[in-house]
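Asker: Give me coordinates for this.
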Amino acid sequence: MSPSLFAGFTKSLAMTALSEIGDRTFCVAAILAMRHPRNLVLAGCVASSVVMTLISSSLGWAAPNLISRKWSHHVTTILFFVFGILSLRESYKEDGDSDDELEEVEAELDDDDSKKHQRPFLIRFFSPVFVKAFSITLFGEWGDMSQIATIGLAADENPLGVVLGGVIAQALCTTAAVLGGKSLASKISEKMVGLLSGALFLVFGVMSLLSGPEG
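Answerer: Next up is the predicted model:
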């Protein structure tokens, strides 16, 4: 594995794992796995994560072709610092209890189940569990901090490494959620995850600042 590929892989793996552990889509996977076949839930969530990572990395790969390498590097560096500060600030506001988020997600899923008779025939025909896991994960991740960070990372590192690291991290987190279930999600401290994520973003920001556009 080349240094550039390895750097993109390790950064994406660490960033994605810390961003996804215990977040909303993690809770969704855990709760869905308690109600439906685990293989379908896992397949739907992982497939959605792969699609999202590919989209984000593709946007990041195209960024240097739209703006100069120098400016894309500076934007990525700024994003790392901004996300690091935001993660740290949000973690200090957390009370460390994820039960409220679990209950909120569970209530939303219950409401969704009550409306399933309104779904089109094709969606009901093609495994509603898979479609549900795929769609909730896709729209839950769209536009969040980890997606934007992945775009920035792919603009500054080897896109293939970013894709591989992101997909593996997403698969590992989703597998943990599906196998561990609600009990695992409820034991994860959101405050600690937020602190670690914020620190990691700041480390990436410093590394990017020191390396320069051609680093």
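Asker: Now for this structure, the helix or strand with the poorest mean pLDDT.
Answerer: Least confident helix or strand of the chain, by mean pLDDT, DSSP states H and E, is helix 121-125 with a mean of 44.
Asker: And the following helix or strand past that helix, what does it pack against?
Answerer: Once helix 121-125 ends, the next helix or strand along the chain (criterion: DSSP states H and E) is helix 128-141. If you count contacts as 3 or more Cβ pairs under 8 Å, 6 or more residues apart in numbering; DSSP states H and E, helix 128-141 packs onto helix 24-35, helix 38-66. C-beta: built from backbone N, CA, C; applies to glycine.
Asker: tell me the angle of helix 128-141 relative to helix 38-66?
Answerer: Compare the direction of helix 128-141 with that of helix 38-66 by axes from the mean of the first three to the mean of the last three Cα atoms, to 10 degrees and you get 40 degrees.
Asker: tell me the mean pLDDT over helix 128-141?
Answerer: Averaging pLDDT along helix 128-141 yields 81.
Asker: Go ahead and produce CSV holding the CA coordinates of it.
Answerer: Provided in CSV are the C-alpha atoms of helix 128-141 (Å, rounded to 0.1, in the frame of the first residue of the first chain):
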residue,chain,number,x,y,z
PRO,A,128,-39.1,-3.6,2.8
VAL,A,129,-36.6,-4.3,5.6
PHE,A,130,-33.6,-3.8,3.2
VAL,A,131,-35.2,-0.7,1.7
LYS,A,132,-35.9,0.7,5.1
ALA,A,133,-32.4,0.2,6.4
PHE,A,134,-30.9,1.5,3.2
SER,A,135,-33.1,4.7,2.9
ILE,A,136,-32.9,5.6,6.6
THR,A,137,-29.1,5.3,6.6
LEU,A,138,-28.7,7.1,3.4
PHE,A,139,-30.8,10.1,4.3
GLY,A,140,-29.6,10.1,7.9
GLU,A,141,-26.0,10.5,6.7
